[in-house]
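**Q** The sequence and its predicted three-dimensional model are supplied below.
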Amino acid sequence: MLLALDRGGAVPLHRQIYTALRGAILDARFRPGRRLPSTRTLAADLGVSRTTVLGAYDQLAAEGFIKSRSGGGSRVAEVAATAPDRRPAPRGRRNVTAFAAPPVSAVGAATLAFYERGGNLSSRADANVAPSRPGPVPFTLGIPALGAFPVKTWARLSARHWRRSARNLMLPSDGAGYRPLREAIAEYTFTARGVRCQADQVIVTAGATQGIALTARLLLEPGNEVWMEEPGFAPARAAFTALGARVVSVPVDRDGLDVAQGTRAAPHARLAFVTPSFQAPTGAVMSLERRLALLDWAAARGGWIVEDDYNGEFRYDGRPLASLQGLEHRGGERIIYLGTFSKTVFPALRLGYAIVPEALIDAFAVARLNADRHSPVLEQAVLADFIHEGHFARHVRAMRGLYAERQRTLVDLAREELDGLIRIEAAPAGMRLLGSLPSGVRDLDVAAQARRRGIDVAPLSQLCVERPGRNALLLGYAPFGPAEIRRGLRALRECIRECMAQAGETSRGPSPS
């Protein structure tokens with residue numbers, strides 16, 4: 001028996017012999033009952049010590065691959081060989097015929113189907129997922145200005161906690177979240193967003209997306225109708241669809257979600273998902289008339305409202321608007337208010353919160369505990385201090401000014417660089433802008449071309465499910481300086497021109513023969 005050994009390699013010789021023999025047994029090249037060479041014979045054949053071979057044989061025997069008997073030698077065990085149809089598929093290849101049934105549950109299949117229907121771009125649109133590059137590329141959505149974050153302050157607060165309370169940081173936390181952080185969130189949301197709540201109503205989550213998932217699991221039954229903004233936040237639609245809810249698309253105009261249209265389409269809806277302060281993705285602000293109408297609907301019908309306070313902190317035209325939850329209205333008792341620190345602190349923090357009515361506190365706390373126990377305690381403790389000591393409010397104010405400046409830069413440079421190929425208008429809030437494309441140019445085609453050129457724009461039409469959306473692009477600007485914005489716009493200009501040329505060739509059709 002000759003085995004290839006790497007005598008100068010890092011893997012010990014006895015391990016190489018063991019691996020080679022085990023592979024031969026698993027591949028059925030060595031059949032059950034086959035007698036192996038004696039340790040002396042194999043050692044002589046391979047030019048190694050008998051102790052080396054003994055080490056390999058002992059390991060194989062301990063794992064049940066061979067049986068050794070005194071005076072009878074070593075033989076391959078009867079149960080060790082793997083039949084050809086039971087062997088694992090080669091690495092890098094997927095055995096798509098192994099199972100007739102899908103490998104995931106009905107909920108999992110529904111989630112995959114939702115994203116596959118729109119392709120990779122729809123699953124990424126505003127899902128806080130940056131491309132697999134060292135940093136964000138123009139015009140990635142959902143990424144704040146990380147270079148402006150006060151890293152030294154965060155590090156100092158973190159070190160202080162390790163010095164003073166290391167033991168407490170290592171213990172499990174309450175499923176609802178670290179108490180000082182819940183208190184800080186309750187105080188901050190009241191001061192900055194007009195939210196009315198006590199700390200007990202705050203449930204710390206792993207971002208707003210988990211808050212949506214928890215809400216869907218707790219409040220929806222299969223077949224329940226859900227009002228969803230059109231265009232709207234794709235991960236929310238996916239969460240509701242996966243649980244078997246019937247998602248009813250309700251159009252959004254300059255005043256936000258059309259409540260009257262939603263009432264006509266699905267008067268007995270169980271839940272409405274809205275982004276009233278800055279609609280994702282159009283940027284519309286829900287008017288007071290629409291807000292009161294939505295609250296009236298919730299109070300009269302017993303429906304629930306999920307208020308995702310998307311980019312509510314970053315309003316450049318006057319003070320941030322008060323939350324829907326903060327209005328004095330009996331329908332406010334039907335609101336689950338969601339927030340996240342991914343945009344205001346940094347995305348990798350993965351901390352957010354759900355502020356729930358008192359009747360739902362226990363249900364949400366238990367659901368959060370069952371989902372993944374709790375978020376990391378250290379990050380919660382540092383964030384609590386970051387808020388209590390005023391660092392968070394100062395950072396948000398600074399970013400509000402910086403983002404307003406970068407938005408103006410994007411608008412001004414777009415006029416210079418895009419030659420009228422795309423219309424980008426300023427918005428009163430947020431971290432991205434909408435750019436309308438020329439007639440006949442599909443936003444999906446431009447987005448695909450842009451990715452090949454190393455920039456990242458999201459097509460608006462991908463966020464419209466039941467009605468054809470206008471061809472427009474979403475461009476994030478928060479983390480990019482003037483040079484990056486200019487470079488991205490020049491690349492985008494070439495992408496649009498290429499798509500226009502292709503559209504022109506298609507419309508002319510084949511030349512006559």
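**A** Received the coordinates, thanks.

**Q** what about the stretch 351-500 of the chain, any weak spots by pLDDT?
**A** 467-469 (pLDDT under 70).

**Q** where do the strands sit along it?
**A** When secondary structure is read from DSSP state E, counting those that start in this stretch, the stretch 351-500 of the chain shows strands at 352-355, 423-424, 432-436, 458-459, 472-476.

**Q** May I see the buried residues of the first one?
**A** Residues of strand 352-355 classed as buried: 352-355 (neighbour count, 16 or more other CB atoms under 10 Å). All C-beta atoms are positioned from the backbone trio N, CA, C, and that covers glycine.

**Q** In the stretch 201-350 of the chain, where is pLDDT below threshold?
**A** The stretch 201-350 of the chain contains residues with pLDDT under 70 at 319-320.

**Q** in it, which spans are strands?
**A** Listed in chain order, the strands found in the stretch 201-350 of the chain under DSSP E, counting those that start in this stretch are 202-205, 225-230, 246-253, 256-257, 271-274, 304-308, 335-340.

**Q** Which of those sits closest to Leu181?
**A** Leu181 lies closest to strand 202-205 among the strands of the stretch 201-350 of the chain, at 6.1 Å (CB to CB).

**Q** list the helices and strands the closest one packs on?
**A** Judged by 3 or more CB pairs under 8 Å, 6 or more residues apart in numbering; DSSP states H and E, strand 202-205 is in contact with helix 179-193, helix 208-219, strand 352-355, helix 361-372.

**Q** helices or strands up against the first one?
**A** Applying 3+ CB pairs under 8 Å, 6+ apart, one finds that helix 179-193 contacts strand 202-205, strand 335-340, strand 352-355, helix 377-388, helix 391-417.

**Q** cool, and the shortest one?
**A** Where contact means 3+ CB pairs under 8 Å, 6+ apart, strand 352-355 is packed against helix 179-193, strand 202-205, helix 208-219, strand 335-340.

**Q** what's the angle from the first one to helix 391-417?
**A** Put simply, helix 179-193 runs at 50 degrees to helix 391-417, going by axes from the mean of the first three to the mean of the last three CA atoms, to 10 degrees.

**Q** contact partners of helix 179-193?
**A** 176, 195-204, 309, 312-313, 320, 322-323, 326, 337, 339, 353, 355, 380-381, 383-384, 387-388, 392-393, 396 (CB atoms under 8 Å, 6 or more residues apart in numbering).

**Q** Which positions in that helix come out as buried?
**A** Neighbour-count burial for helix 179-193, with 16+ other CB under 10 Å as criterion, is recorded at 179-186, 188-189, 192-193.

**Q** Present the residues you listed as TSV; the columns should include pLDDT and distance to Tyr57.
**A** As requested, the buried residues of helix 179-193 are exported to TSV (pLDDT from 0 to 100; distance: CB to CB, whole Å):
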residue	pLDDT	distance to Tyr57
Arg179	94	59
Pro180	95	59
Leu181	96	57
Arg182	96	60
Glu183	97	64
Ala184	97	62
Ile185	97	62
Ala186	96	66
Tyr188	93	66
Thr189	93	67
Ala192	88	70
Arg193	88	70
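
**Q** What is the nearest of the residues you listed to Arg34?
**A** Comparing these against Arg34 with CB to CB picks out Leu181 as the nearest, at 63.4 Å.

**Q** ok, Asp385 - contacts?
**A** Taking CB under 8 Å, 6+ apart as the test, what Asp385 contacts is 157, 160-161.

**Q** and these, which are buried?
**A** Applying a neighbour-count criterion of 16+ other CB under 10 Å, the buried members of the contacts of Asp385 are 157, 161.

**Q** Just the ones in strands from the contacts of Asp385, please.
**A** Using DSSP state E, no member of the contacts of Asp385 falls in strands.

**Q** Looking at the contacts of Asp385, which are in helices?
**A** Among these, the ones falling in helices (DSSP state H) are 157, 160-161.

**Q** any chance of the residues you listed in CSV, plus pLDDT and distance to Trp304?
**A** Supplementary listing: the ones in helices among the contacts of Asp385 in CSV, determined by pLDDT from 0 to 100; distance: CB to CB, whole Å:
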residue, pLDDT, distance to Trp304
Leu157, 96, 36
Arg160, 94, 40
His161, 92, 37
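
**Q** Quick check: Leu292 vs Pro281, distance?
**A** Applying CB to CB, to the nearest Å, the value for Leu292 to Pro281 is 24 Å.

**Q** So which of these two has more stuff around it?
**A** Neighbour comparison, Leu292 and Pro281: the larger count goes to Pro281, with 28 against 15 (by other CB atoms under 10 Å).

**Q** if we can go back for a sec, closest one to Thr19 among the strands of the stretch 351-500 of the chain?
**A** Minimum separation from Thr19 across the strands of the stretch 351-500 of the chain (CB to CB) falls at strand 352-355, 46.7 Å.

**Q** who's in contact with that closest one?
**A** Taking contacts as CB under 8 Å, 6+ apart, the residues outside strand 352-355 that touch it are 177, 182, 185-186, 189, 195, 197, 201-211, 214-215, 325, 336-342, 364.

**Q** The same query, at a cut-off of 6 Å, please.
**A** For strand 352-355, contacts defined as CB atoms under 6 Å, 6 or more residues apart in numbering pick out 185, 197, 201-205, 207-208, 211, 336-340.
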